[in-house]
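> build me a model from this:
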Amino acid sequence: MSFNPLARYQERVASGEIERAKAMDPIEKSEKNPKSLRAAINAKCYDCCCYSRTEVGKCTSYECPLHKLRPWVKKQ
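Numbers count the residues shown, from 1 in each chain. Next comes the predicted model:
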């Protein structure tokens, strides 16, 4: 047994003693927190762009009312 906390955690995950946390996609986050406007916008953009965060940043749908609010856009 190791005294290094990270190594101990990895051993416990490998043995099945604990489960590693699963990252939620934006739609799951929106469903978990239905009062969050930001989560709803993120989920809609994620859905509209075929479930790809990189495509949300490249969105060219300028007529969309959410275009200026879309997430995952690199600041210029």
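> export the worst-scoring helix or strand of the chain on mean pLDDT to CSV, keeping only CA atoms.
Ranking every helix and strand in the chain by mean pLDDT, DSSP states H and E puts helix 5-15 at the bottom, with a mean of 89. Output in CSV follows, covering the C-alpha atoms of helix 5-15 (Å, rounded to 0.1, in the frame of the first residue of the first chain):
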residue,chain,number,x,y,z
PRO,A,5,-2.5,10.0,-2.0
LEU,A,6,-2.6,10.0,-5.8
ALA,A,7,-1.2,6.5,-6.1
ARG,A,8,-3.6,5.3,-3.4
TYR,A,9,-6.5,6.8,-5.2
GLN,A,10,-5.4,5.1,-8.5
GLU,A,11,-5.0,1.8,-6.7
ARG,A,12,-8.5,2.1,-5.3
VAL,A,13,-10.0,3.0,-8.7
ALA,A,14,-8.1,0.0,-10.4
SER,A,15,-9.4,-2.4,-7.7
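> by contact count, what packs against it?
Using 3 or more C-beta pairs under 8 Å, 6 or more residues apart in numbering; DSSP states H and E as the contact definition, helix 5-15 packs against no other helix or strand. From N, CA and C alone the C-beta is placed, and that goes for glycine too.
> what's the first helix or strand after it?
Note on helix 5-15: by DSSP states H and E, the next helix or strand toward the C-terminus is helix 26-32.
> so which bits of that next one are buried?
Pro26, Ile27, Lys29, Ser30 (16 or more other C-beta atoms under 10 Å).
> which residue is the nearest non-sequential neighbour of the spatially most central residue of the chain?
With the centre of the chain defined as its mean C-alpha position, the nearest residue by C-alpha atoms, centre = their mean is Asp25, 4.2 Å away. The shortest distance from Asp25 to any non-neighbouring residue, by C-beta to C-beta, 6 or more residues apart in numbering, is to Tyr46 (6.8 Å).
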